[in-house]
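Okay, here's the prediction I keep looking at, along with the sequence it came from:
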Amino acid sequence: MSDIHIDGLTKQFDDVTAVDDISLDIDSGEFLVFVGPSGCGKSTTLRMIAGLESITSGELRIGERRVNELAPKERSIAMVFQNYALYPHMTGAENMKFGMKSVSDYTDDEIDERVREAAEILDIPELLERKPKELSGGERQRVAIGRAIVREPDVFLLDEPLSNLDAKLRVQMRAELLQLHREIDATTLYVTHDQTEAMTLGDRVAVLNDGQIEQVDPPQVLYDYPATRFVAEFIGSPAMNVVPIELHGDGDGVSARHEAFDLPLPDAGDLAGHSGGASLGVRPEDVSLARNVDGERWTFEAEVSVTEPLGESLLLHCLIGDDEIHVKAEARSEINAGDVIELGVDEERLHVFDESGDAIYHSSPRERTAEDVETRAEH
Amino acid sequence: MATSSTSESTLARLLPEDVDAEQAVIHGGLVLSIFLMGLPLLLALIMSTQNTTEVYQVTNVGIGSEGLSNYGTVLGEYNFGQYMINSVVMSIIIVVGKVTLSLFAALALVYYRFPYERAVFMFILLTLLLPVPVRIVPLFDLMARLGWGNTLMAITGPYIASATAVFLFRQHFMAIPASLVENAHLDGVGPLTFLWKVLIPMSKGMIAGVSVITFIYAWNQYLWPLIIMTDQSKQVVQVGLRFLQAASQSGLTRWGIIMAGAVIALLPPLAVLIVLHKPLLETLAIQQK
């Protein structure tokens, strides 16, 4: 178990900067997820930590040691790959043992014992004598994880380990990974492009875009208080609605003006200095049919263009002016395409982003909830 | 087959009325072409049992009066057994040498980053334009200077380096997921251990395929051994066949004996081919990509 300190980490491939000056401290025993679209540099970051890619500049420390120049086997890490990286001609046990001699001083008996223990933890003793082609995808990934466990590393690195599994198995393996993390308690870095995976697994989630970290926070904070428009749109499904607005300040406060509405922003003192172009963000579940909200201060009209029944809710694609927003209405609502409906928003859940994409306003102050989350995490 | 239904037994579907004319023509054509392709071999087998007079009777295509005695003559009087041993030794050395060298070369090309890697690979491929027959004169000169003339080194050495084998191994290695190498890298497994414990076991089929191709290629070498080997007892079997031709009977070439020699010379590559035909087919399939 070790903490990890990343300071100004940069990776340059010829004329492409894959990772651009990332700094991050990861606590000992933490489960941190890197998430982002393809090409955002999340895998490259992980591979630099593993030692598979050289570091162009910046410093990487695992525990107290600077590891920039250390060979992978000296970093006390173990990695699980997306395609499992099992040797096809070796059995599960042989796969787990291969290379153990060079990373450790264990005797054969000790290695056998550890392989048995790892197999117990992962519930795969019966798979040890089988070759990869006789295993299903989930079983292969278990063996691959077992191979990482027997090394008893300080840091676990997982590079999209569930991406090759089918949806149902993915959900199951997700839960197993969490349980495993609790049992072995190693610092874990996990790379994924799937925001659901990131939200469910991470103690904290680092959202990357274009080689830079957009935001690092616990999942709920990330969801409630996106620091940038990119995070707002990337986290959550269906994605947050973001529409262009004009900020307009007068004596009574600040309001967000759109061709279809003029929305007064509550407690928008911080925005007094801003005026002009910005974007308003509101999640689909924070928009509701006006008739369902008592004492709604204001409402606006929208035309439904498409309805998508999701089962537990009905997703409406609505046109307001030239912009489309998504609204989650309750299932079985009698709404059809072409209807004009009256919508209201949850005023506690509004976000405003400036033209560069940074969040300049959340309608409920972040501090309170952030503390709540921290208290919750301590339990 | 059009009239068959699932209720009919397999036997019923094999009955003649199901054989349509088109299929019959196709099969007839196929059988004929196989017969034509196999004809030289068939004739060789027949002639190897005939005496010289019978061979020259063009219409006589039955088993000849010599039976297997031509084979005895070839092996006994003409020292053919020695040529066979020489050829086997030469071919095995070439196969082992070529496969080993090519594996190392492909390992270097795929798993090491060095300057002008692509240019080096291209250069290796360019050597395909210069097979041994083209290089015979300078090669002869080289062997003479090295003092390798008339030695086993002379008939094996020039064949050890092979662009084809390097190319095949390189393509095969490149198809192996990079994460396998990276995984070994994380454990600090060295390149030779990786080659021995991972790459070679994963390339068994390819190695077997290259070995078959190489064995047959080496076995069939004629011109270079003919030139460089002056000692008849060290000569290889293909040149040995040529010696048989010199033996004539009242001005007539003894084709029966030559054919018996040819059939004997055919056996080792045939055996290798039969044993390793499966990996060979896999190799050729990859080559076509």
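Received the coordinates, thanks. Residues are numbered from 1 along each chain as shown, chains lettered A, B, ... in the order given.

Quick check: residues of chain B near chain A?
B:177, B:179-180, B:182-190, B:197-198, B:201-202 (C-beta under 8 Å from any C-beta of the partner chain). Quick note: C-beta positions are derived from backbone N, CA and C, even for glycine.

do that again at 10 Å, thanks
Listed as neighbours of chain A in chain B under the rule C-beta under 10 Å from any C-beta of the partner chain: B:176-190, B:193-194, B:197-198, B:200-204.

which stretches of the stretch 51-200 of chain B form strands?
Using DSSP state E, counting those that start in this stretch, no strands are assigned anywhere in the stretch 51-200 of chain B.

Just the closest residue of it to chain A, please.
Residue nearest to chain A within the stretch 51-200 of chain B: B:Asp187 (2.9 Å; C-beta to the nearest C-beta).

and that residue, how many residues sit next to it?
Neighbours of B:Asp187 under the rule other C-beta atoms under 10 Å in any protein chain shown: 21.

For the nearest residue to it once chain neighbours are set aside, give its distance to B:Val198.
Among residues not flanking B:Asp187 along the chain, A:Gly99 sits closest, at 2.9 Å (C-beta to C-beta, 6 or more residues apart in numbering or on different chains). Separation of A:Gly99 from B:Val198 (C-beta to C-beta, to the nearest Å) stands at 10 Å.

overlap in contacts of the two?
Taking C-beta atoms under 10 Å, 6 or more residues apart in numbering or on different chains as the contact rule, A:Gly99 and B:Val198 both touch A:87, B:183-184, B:189.

Of the residues you listed, which is the nearest to B:Gly261?
Closest approach between those and B:Gly261, by C-beta to C-beta: A:Tyr87, at 47.5 Å.

Name the SS class of the closest one, please.
At A:Tyr87 the chain is in coil, as set by DSSP: H, G, I helix; E, B strand; the rest coil.

Over to A:Glu303?
Recorded secondary structure, A:Glu303: strand (three-state DSSP).

State the distance from the closest residue to it other than its chain neighbours to A:Glu134.
Nearest residue to A:Glu303, sequence neighbours excluded (C-beta to C-beta, 6+ apart): A:Leu319, at 4.8 Å. Going from A:Leu319 to A:Glu134 by C-beta to C-beta gives 54 Å.

Counting neighbours, go ahead and name the busier of the two.
For A:Leu319 versus A:Glu134, neighbours defined as other C-beta under 10 Å are more numerous around A:Leu319 (15 against 12).

how about that one, what does it touch?
By C-beta under 10 Å, 6+ apart, the residues touching A:Leu319 are A:260, A:302-306, A:325, A:340.

One more: A:Asp25?
A:3-7, A:32, A:61, A:216.

please redo it, this time with the cut-off set to 8 Å
Neighbouring residues of A:Asp25 by C-beta atoms under 8 Å, 6 or more residues apart in numbering or on different chains: A:3-6.

Could you do A:Gly8 as well?
By C-beta under 8 Å, 6+ apart, the contact set of A:Gly8 is A:21-23, A:57-59.

Check A:Met100 too.
A:106, A:111, A:150-151, B:187.

now it: how far from B:Ala108?
For A:Met100 relative to B:Ala108 (C-beta to C-beta), the value is 27 Å.

shouldn't the residue nearest to B:Asp187 be in contact with B:His185?
No: using C-beta atoms under 8 Å, A:Gly99 is not in contact with B:His185; the gap is 9.5 Å.

low pLDDT regions in the stretch 151-289 of chain B?
For the stretch 151-289 of chain B, the stretches with pLDDT under 70 are B:247-251, B:283-289.

Let's see that with 80 instead.
Where the stretch 151-289 of chain B drops to pLDDT under 80, the residues are B:229, B:232-233, B:237, B:240, B:244-256, B:279-289.

Do a quick rundown of the helices in it.
For the stretch 151-289 of chain B, the helices defined by DSSP state H, counting those that start in this stretch cover B:152-160, B:163-174, B:178-186, B:191-194, B:200-202, B:204-219, B:223-228, B:237-246, B:255-275, B:277-288.

and of those helices, who's closest to B:Val58?
helix B:255-275 (11.9 Å).

residue contacts, the residue of chain A found nearest chain B?
Residue nearest to chain B within chain A: A:Gly99 (2.9 Å; C-beta to the nearest C-beta). By C-beta under 8 Å, 6+ apart, the contact set of A:Gly99 is B:183-184, B:186-189.

And A:Ser163, by the same measure?
Contacts of A:Ser163 (C-beta under 8 Å, 6+ apart): A:82, A:192-194.

Near chain B, list only the ones from those.
Among the contacts of A:Ser163, the residues that sit close to chain B (C-beta under 8 Å from any C-beta) are A:Gln82.

now that we have the contacts of A:Ser163, which one has the most neighbours?
A:Thr192 (24 neighbours).

Write out the residues of the stretch 51-200 of chain A neighbouring chain B.
So the stretch 51-200 of chain A meets chain B at A:51-52, A:71-74, A:77-79, A:81-85, A:87-89, A:98-100, A:102-103 (C-beta under 8 Å from any C-beta).

can you put the shared contacts of A:Gly99 and B:Val198 in CSV and add distance to B:Leu241 and neighbour count?
Output for the shared contacts of A:Gly99 and B:Val198, formatted as CSV (distance: C-beta to C-beta, whole Å; neighbours: other C-beta atoms under 10 Å in any protein chain shown):
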residue, distance to B:Leu241, neighbour count
A:Tyr87, 47, 20
B:Asn183, 52, 29
B:Ala184, 49, 23
B:Val189, 49, 20
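
is it possible to export those to TSV including distance to B:Ile34?
Shown next, in TSV, are the shared contacts of A:Gly99 and B:Val198 (distance: C-beta to C-beta, whole Å):
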residue	distance to B:Ile34
A:Tyr87	42
B:Asn183	48
B:Ala184	48
B:Val189	50
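
show me what contacts residue 240?
Because you didn't say which chain, this covers chain A. Neighbour list for A:Met240: A:226, A:232-233, A:281-284, A:351 [criterion: C-beta under 8 Å, 6+ apart].

Can you look at chain B instead?
B:78-80, B:83, B:261, B:265.

which two from these end up farthest apart in space?
Counting by C-beta to C-beta, the most remote pair of the contacts of B:Gly240 is B:Asn79 and B:Ala265, 13.6 Å apart.

and these two? which has more neighbours close in?
B:Ala265 (22 against 15).

phi, psi of the residue of the stretch 51-200 of chain B closest to chain A?
Main-chain torsions, B:Asp187, degrees, to the nearest 10: phi -90, psi 0.

tell me the contacts of it?
With C-beta under 8 Å, 6+ apart, B:Asp187 has these contacts: A:72-73, A:98-100, A:102-103.

As a check, name the ranges of all helices in chain A.
A:42-50, A:92-97, A:100-103, A:108-122, A:137-150, A:167-184, A:195-201, A:219-224, A:229-234, A:366-378 (DSSP state H).

pLDDT of the third one, averaged?
Per-residue confidence for helix A:100-103 averages out to 72 on the pLDDT scale.

ok, now the first one?
Helix A:42-50 comes out with an average pLDDT of 89.

what sits up against it?
Taking C-beta under 8 Å, 6+ apart as the rule, helix A:42-50 contacts A:4, A:6, A:9, A:11, A:18-19, A:22, A:34-36, A:53-55, A:60, A:62, A:72, A:75, A:77, A:79, A:155, A:157, A:159-160, A:189, A:191, A:193, A:208, B:186.

how about low-confidence regions in the stretch 1-150 of chain B?
B:1-20, B:49-70, B:72-78, B:132, B:149.

one more time with 90, if that's ok
For the stretch 1-150 of chain B, the stretches with pLDDT under 90 are B:1-24, B:39-88, B:106-121, B:123-150.
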